[in-house]
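In: the following comprises the amino acid sequence and a computationally predicted model.
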Amino acid sequence: MQYDRELDVKGLNCPLPILRTKKVLAEMQSGQTVRVLATDPGSVKDFQAFARQTGNELVNSGENAGVYEYVLKRK
């Protein structure tokens, strides 16, 4: 999968991954995607709620070796 931007927030805890993602999304055009890499286990619920509340689409999410990956599409 291709992404327009990538954001590495590994090592940061709530709410910083969401805040950094929100800032990046604000700089993007509608329909563009950002891949976010995080290590905070709480980010799973945070990103689901963030997508619901903002209208941005959570295209994909997963976890591999303690790194959580999220792909969000700008509304």
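Out: Looks like it came in fine.

In: how far away is the residue with the largest distance to the centre of the chain from Leu72?
Out: Taking CA atoms, centre = their mean, the residue of the chain most remote from its mean C-alpha position is Ala65, at 17.5 Å. Ala65 sits at a distance of 21 Å from Leu72 (criterion: CB to CB, to the nearest Å). Where C-beta positions appear, they are placed from N, C-alpha and C, glycine not excepted.

In: now swap in Asn60 and tell me
Out: 9 Å.

In: which of these two has more residues huddled nearby?
Out: For Asn60 versus Leu72, the count of surrounding residues by other CB atoms under 10 Å is larger for Leu72: 27 against 13.

In: OK, contacts around the more buried one?
Out: 21, 25, 33-34, 36, 47, 51, 56-59 (CB atoms under 8 Å, 6 or more residues apart in numbering).

In: low-confidence ranges in this structure?
Out: Residue ranges of the chain with pLDDT under 70: none are present.

In: now do the strands in it.
Out: Applying DSSP state E to the chain gives strands spanning 5-8, 33-38, 57-64, 67-73.
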